[in-house]
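*Asks:* pasting the structure only:
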């Protein structure tokens, strides 16, 4: 059975932050046997919720998830060294959005074929986009690791594509490394709550997250926005940024920093969004 006072958060963790293999690893960790592996994940969760022969507690999922989360984030020290090494210098999308990289590469090839782009310049652009991919993933991994290790009660996501990266104070949050867009006329420092709503409305409200739609109305769309401007501060002030993020998360975890809460209509239903803005 699920620990009664934490049954909702345990259910959320099993449904949205782990896969079926993780659940059986959790059962092995708990030394629970005799559970059929042929069940669907929904049936499996129902079995765990109602079987009175054992108990799954919040402490169980905290210990289990925190022992395992480092694996999918790879070696954080190596990634920090890479950021500081200068090997990724020049990283840029060159206005090539991730969703249309193939079309952008084709455009550059055509420019090369008609003589408007030098051969070496073409590969310089391609290499910089490749560096940008590495940069984005390593910065995201460092951020997620820094947040998770800020407090012992934080529960990390174990799925490759989860709708929440962490659980803090019974709220799931997707961590988003982003920037202060030139298209936004809001002063992020003077009006952080308006800025958080703008970030959500301009990027997250329209995202087609089918799994998020299955989550409780107050859980599937929460965000922690981490904004580093200019972006090369990651290379120049890495330790300061990580320390600032951790101190901000500690304030969230101990309830001295409250989330900004607002509502939106999505897919004919009202959702409640909790957001935080972290800007060193």
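*Replies:* Thanks, I have it. What you see is a predicted model, and the numbers here were worked out from it, not measured in a lab.

*Asks:* switch to C-alpha atoms for all contacts and neighbour counts from now on
*Replies:* OK.

*Asks:* starting at the chain centroid, how far to stretch 239-255?
*Replies:* Put simply, stretch 239-255 sits 16 Å off its chain's centre (Cα atoms, centre = their mean, to the nearest Å).

*Asks:* so residue 101 versus residue 94, what's the distance?
*Replies:* Separation of residue 101 from residue 94 (Cα to Cα, to the nearest Å): 10 Å.

*Asks:* please apply the same query to residue 70.
*Replies:* Taken as Cα to Cα, the span from residue 70 to residue 94 is 32 Å.

*Asks:* those two: who's more crowded?
*Replies:* Set side by side, residue 70 and residue 94 show more neighbours around residue 70, with 17 against 12, by other Cα atoms under 10 Å.

*Asks:* look at residue 273 and give its secondary structure.
*Replies:* What DSSP: H, G, I helix; E, B strand; the rest coil gives for residue 273 is strand.

*Asks:* what's near enough to touch it?
*Replies:* Contacts for residue 273 (Cα atoms under 8 Å, 6 or more residues apart in numbering) come out as 218-219, 221-223, 260-264.

*Asks:* of the residues you listed, just the buried ones, PyMOL syntax please.
*Replies:* Only the buried entries of the contacts of residue 273 go into this PyMOL selection, using 16 or more other Cα atoms under 10 Å:
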select buried, resi 218+219+221+222+223+260
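
*Asks:* make JSON lines out of the contacts of residue 273 and add pLDDT and secondary structure.
*Replies:* Formatted as JSON lines, those follow (pLDDT from 0 to 100; DSSP: H, G, I helix; E, B strand; the rest coil):
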{"residue": "218", "pLDDT": "93", "secondary structure": "coil"}
{"residue": "219", "pLDDT": "94", "secondary structure": "coil"}
{"residue": "221", "pLDDT": "94", "secondary structure": "coil"}
{"residue": "222", "pLDDT": "96", "secondary structure": "coil"}
{"residue": "223", "pLDDT": "96", "secondary structure": "strand"}
{"residue": "260", "pLDDT": "98", "secondary structure": "strand"}
{"residue": "261", "pLDDT": "98", "secondary structure": "strand"}
{"residue": "262", "pLDDT": "97", "secondary structure": "strand"}
{"residue": "263", "pLDDT": "96", "secondary structure": "strand"}
{"residue": "264", "pLDDT": "94", "secondary structure": "strand"}
